[in-house]
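Visitor: this one's structure only:
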């Protein structure tokens, strides 16, 4: 061990440390930036004995492992937001959801939380209804239904 480090000088060690720190910083930044898109695009799968949640490395470092048995879920919180959903690209029309249920936060019994990030309002309602009615998972939702909706075409509301 002494022979291995005797050939290193302070300059090369400092360069190695800075490069290593830069690599870790780039990895965590990319993971955090892409986390929202990865979780939004990946489905949440509900099985007879638990839920398979899309994971990113950041979640793994926090101790979450993807499949969560129902016994470990304390409750699911529904977060409502205002969001614009593009429906067709060519005609540039879309829907602005108002007070829509678009995020599910799974609160685990050990205190950890897992956010699904943005999902389609109908999917969030269907999943939370199934989790509550079939598996007895408590759902906290401060609103009701899909929320409001305004249609837009070419950036202007349609009456």
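Guide: That came through, no problem. As the structure is a computational prediction, the values presented were derived from the model and not from experiment. Numbering: from 1, shown residues only.
Visitor: so where is this protein shaky, pLDDT-wise?
Guide: Along the chain, the parts satisfying pLDDT under 70 run over 1-12, 30-32, 35-37, 41, 57-58, 86-92, 154-155, 159.
Visitor: how about the strands in this structure?
Guide: Here the chain has its strands, by DSSP state E, at 45-46, 50-52, 67-69, 73-88, 93-108, 113-115, 138-141, 148-153, 156-157.
Visitor: who's in contact with the first one?
Guide: Under the contact criterion CB atoms under 8 Å, 6 or more residues apart in numbering, strand 45-46 has outside partners 51-52, 127, 130-131, 135. C-beta coordinates here come from the backbone N, C-alpha and C atoms, glycine included.
Visitor: which ones are touching residue 115?
Guide: 39, 103-106.
Visitor: swap the cut-off to 10 Å and go again
Guide: With contacts defined as CB atoms under 10 Å, 6 or more residues apart in numbering, the neighbours of residue 115 are 35-36, 39, 53, 59, 77, 79, 103-106.
Visitor: ok so, going back, JSON lines please, covering the strands of the chain and showing distance to residue 13.
Guide: Below are the strands of the chain laid out as JSON lines (distance: least, CB to CB, whole Å):
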{"stretch": "strand 45-46", "distance to residue 13": "47"}
{"stretch": "strand 50-52", "distance to residue 13": "43"}
{"stretch": "strand 67-69", "distance to residue 13": "42"}
{"stretch": "strand 73-88", "distance to residue 13": "46"}
{"stretch": "strand 93-108", "distance to residue 13": "41"}
{"stretch": "strand 113-115", "distance to residue 13": "39"}
{"stretch": "strand 138-141", "distance to residue 13": "51"}
{"stretch": "strand 148-153", "distance to residue 13": "58"}
{"stretch": "strand 156-157", "distance to residue 13": "61"}
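Visitor: Of all those strands, which one comes closest to residue 22?
Guide: Closest approach to residue 22 among these (CB to CB): strand 113-115, 28.0 Å.
Visitor: So what are the sheet partners of that closest one and their directions?
Guide: Strand pairing for strand 113-115, using DSSP bridges, gives strand 93-108 (antiparallel).
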